[in-house]
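K.L.:
no sequence on this one, just coordinates:
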C-alpha cells in the first residue's frame, strides 16, 4: 500500500507526551509555550517524503472512570477524529510510560 498522505490522531491521558511526540515527528517545536492541549490541533508537514497529518488531542485523567470525564472533553476527542477526513489511517494511544 502506497499512501502519500498519512493521517493519525494522537490520544492519551494528561502528561503522556502527545504534544512531544508530534514535535519529535516533525522535528521542531510546533507548540513551544503551551503547557497543555485544551482543544484538538491539526498539524501537517512533510516527513521523509510523505505528507503527514497529525491531530493532537486534550488528555484525560487516567484514573477517572469515563462517567466522570467532562462532556466537553468527550466531544473534543470525537472532534479530533473528524479533523482528518476521510478518517485516520492510525490512532496512536499514549500510555503512562510511552506510546504503543
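P.N.:
Thanks, I have the structure now. Here the structure is a predicted model, which is why all the values come from computation and not from measurement.

K.L.:
only C-alpha atoms for contact and neighbour calcs from this point on.
P.N.:
OK.

K.L.:
mind checking the SS state of the nearest residue to residue 95 once chain neighbours are set aside?
P.N.:
Nearest residue to residue 95, sequence neighbours excluded (C-alpha to C-alpha, 6 or more residues apart in numbering): residue 16, at 6.1 Å. Classification of residue 16 using DSSP: H, G, I helix; E, B strand; the rest coil returns coil.

K.L.:
Now for residue 16, how many residues are close by?
P.N.:
Neighbours of residue 16 under the rule other C-alpha atoms under 10 Å: 20.

K.L.:
Return the distance of it relative to residue 64.
P.N.:
15 Å (C-alpha to C-alpha, to the nearest Å).

K.L.:
Now do the helices in this protein.
P.N.:
Taking DSSP state H as the test, the helices found in the chain are 18-26, 71-82.

K.L.:
And those, which one averages the lowest pLDDT?
P.N.:
Mean pLDDT values for the helices of the chain show the minimum at helix 18-26, a mean of 88.

K.L.:
Tell me which other helices or strands that helix touches.
P.N.:
Counting contacts by 3 or more C-alpha pairs under 8 Å, 6 or more residues apart in numbering; DSSP states H and E, helix 18-26 is packed against strand 5-12, strand 41-47, strand 50-56.

K.L.:
list the buried ones in it?
P.N.:
In terms of neighbour count (16 or more other C-alpha atoms under 10 Å), helix 18-26 has its buried residues at 18, 19, 20, 21, 22, 23, 26.

K.L.:
between that helix and strand 5-12, how big is the angle?
P.N.:
150 degrees (axes from the mean of the first three to the mean of the last three C-alpha atoms, to 10 degrees).

K.L.:
Beta-bridge partners for residue 13, please?
P.N.:
residue 60 (DSSP bridges).

K.L.:
For the residue lying closest to residue 80 once chain neighbours are set aside, give me the pLDDT.
P.N.:
Counting by C-alpha to C-alpha, 6+ apart, residue 80 lies nearest to residue 40, which is 5.6 Å off, once chain neighbours are set aside. Residue 40 is assigned 93 on the pLDDT scale.
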